[in-house]
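Asker: generate a structure from the sequence data that follows.
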Amino acid sequence: MRRTVVFLTGGLVALVVFRGADPLLHGQQAPEAVIFDMDTVRHKPTPFGDKGTPTGTVEVVPGKFEKACKFTFATEAQSGFFTAAVRGAPTWDEAAGISFWVKGDGSPHFGGLELIDQSNYALRYGYCFPIDSTEWRKITVAWCDLVPELPAGKLVDPRGGYAPSKFGNLWFGKWFYWRDYPACSFTIDQVALERSIPVDRTDYTPPQRGTPRLLAKLKARQPVTIVTLGDSLSDKRHWANREVLWSEVLAGELKKRFGGEVRLVNPAIGGTQLTQNLVLMPRWLKDCPAPDLVTVWFGFNDWDAGMRGEHWQEVLRYATDRIRRMTRGQTESLLMTTCPSLQRWDAMEELAEGVRRVAAEKRTALGDVAAAFHRAGSDESARTSLYCWDKTHLGKPGHVLAAETVLGAIVETEK
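Answerer: Numbers count the residues shown, from 1 in each chain. Take a look at the predicted model:
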């Protein structure tokens with residue numbers, strides 16, 4: 001049976017539909033609360049691009065339960081969404097998260113889910129889900145796995161962070177930072193609140209700092225895999241990095257020193273912030289579920305967006321914990337301090353210091369790039385040599401110095 005409950009929230013009426021037996025009968029546990037049954041089209045496509053091309057089409061098709069909505073995206077639908085409003089209610093704060101059923105098109109691409117505040121669109125949270133299965137698959141999303149995409153957003157936590165009851169929009173689509181906007185489709189059925197979602201609460205903090213497991217494998221000449229999360233300083237596709245890139249210099253030095261194979265996985269995207277890259281982790285985890293090392297190097301774009309102080313450290317802690325949890329503690333982390341630019345030589349030191357503190361607290365390895373650049377840039381001429389003409393992105397000496405810094409942090413583990 002289906003039962004509708006009406007909540008009065010701040011003058012708004014919120015309808016929550018319950019499927020299953022009445023929870024008040026026979027002391028049964030209350031069933032999940034359905035946000036969208038997807039039996040009718042509620043989501044509308046937005047335009048994208050200069051010509052205002054519709055994001056795609058949505059149609060009602062046979063569903064997992066009754067009917068469902070199939071979303072078909074146009075090619076290159078950057079920042080294109082299918083949008084619908086929701087009415088968060090106190091029951092959202094009592095839930096563990098949400099779920100939905102998805103049937104993909106069988107492609108290796110991913111779908112994007114956006115949950116956004118009722119009125120402040122800077123409070124937006126992203127989630128990345130696979131669409132490679134053409135069978136129905138239930139996706140459960142704990143609140144802690146909704147990642148704030150901008151510095152305005154606190155982590156979702158009914159007990160002290162952003163309250164889920166404040167959500168007012170639930171969209172499907174991809175914001176600019178995804179960089180991958182193929183023509184694809186997926187079908188969604190029954191978006192619902194979940195009373196309970198298992199979350200790995202294991203404390204994966206290692207007994208010592210550094211990268212002892214990586215170093216042991218290197219010494220044994222075993223192959224290792226390194227994932228480099230970052231912005232344009234790490235993005236191979238950026239114009240400044242096409243000839244020389246610090247991660248490739250690092251891999252070459254590791255091979256030369258230890259003799260084993262070093263595989264690089266580089267998901268870095270220019271113009272992005274740390275949290276946006278955390279949303280996209282499932283994309284590289286699919287083919288690389290347990291890399292030996294993940295390096296994390298951000299700050300310039302985060303600073304531009306207003307990231308500061310304790311909030312930056314909170315995000316770094318979340319990033320470290322997320323990497324460890326999603327790799328089940330099999331991956332070591334190396335945090336790199338925010339790199340100064342020629343025109344921000346000291347301005348972003350606050351972010352660099354935040355990285356140092358979190359690296360010590362979480363016992364990660366530390367690549368103190370900021371300190372290395374300050375030592376190398378003792379005068380104006382020495383500083384300038386580290387950068388390209390734009391005084392922000394790295395020239396060859398800057399890439400080499402960054403690689404040497406990370407190499408030193410890895411080798412330092414044995415001391």
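Asker: isn't Arg322 right up against Leu278?
Answerer: Yes - if you go by CB atoms under 8 Å, Arg322 and Leu278 touch, sitting 5.8 Å apart. In this view, the C-beta of every residue, glycine as well, is placed from N, C-alpha and C.
Asker: Arg322: what's it in contact with?
Answerer: 278, 281 (CB atoms under 8 Å, 6 or more residues apart in numbering).
Asker: show the pLDDT at it.
Answerer: Note on Arg322: pLDDT of 97.
Asker: am I right that it sits in a strand?
Answerer: No - Arg322: not assigned to a strand; according to DSSP: H, G, I helix; E, B strand; the rest coil it is helix.
Asker: can you map out the helices along the chain?
Answerer: 90-94, 212-219, 246-258, 274-279, 281-285, 300-304, 309-326, 349-362, 369-376, 380-384, 396-411 (DSSP state H).
Asker: how close does the residue nearest to Arg357 when sequence neighbours are not counted get to Leu215?
Answerer: In space, and not counting its chain neighbours, Arg357 is closest to Gln313: 6.1 Å by CB to CB, 6 or more residues apart in numbering. Distance, Gln313 to Leu215, using CB to CB, to the nearest Å: 27 Å.
Asker: which of the two has more neighbours?
Answerer: More neighbours surround Leu215 than the other of Gln313 and Leu215, with 21 against 18 (other CB atoms under 10 Å).
Asker: what's the separation between the more buried one and Pro289?
Answerer: 21 Å.
Asker: what's the answer for Pro198, then?
Answerer: With CB to CB as the criterion, Pro198 and Pro289 are 18 Å apart.
Asker: neighbour-wise, which of those two wins?
Answerer: A count of neighbours by other CB under 10 Å puts Pro289 above the other of Pro198 and Pro289, at 12 against 8.
Asker: verify the stated contact: Met326 with Met281.
Answerer: Yes - look at Met326 against Met281 with CB under 8 Å: they come within range, at 6.0 Å.
Asker: okay, the two: which has more neighbours?
Answerer: When Met326 and Met281 are compared on other CB under 10 Å, the one with more neighbours turns out to be Met281, at 21 against 18.
Asker: give me every residue that touches the closest residue to Thr134 other than its chain neighbours.
Answerer: By the measure of CB to CB, 6+ apart, the closest residue to Thr134 outside its immediate chain neighbours is Gly106, 4.7 Å from it. Shown in contact with Gly106 (CB under 8 Å, 6+ apart): 131-134.
Asker: show the buried residues in these.
Answerer: The neighbour-count test (16 or more other CB atoms under 10 Å) marks Ile131 as buried among these.
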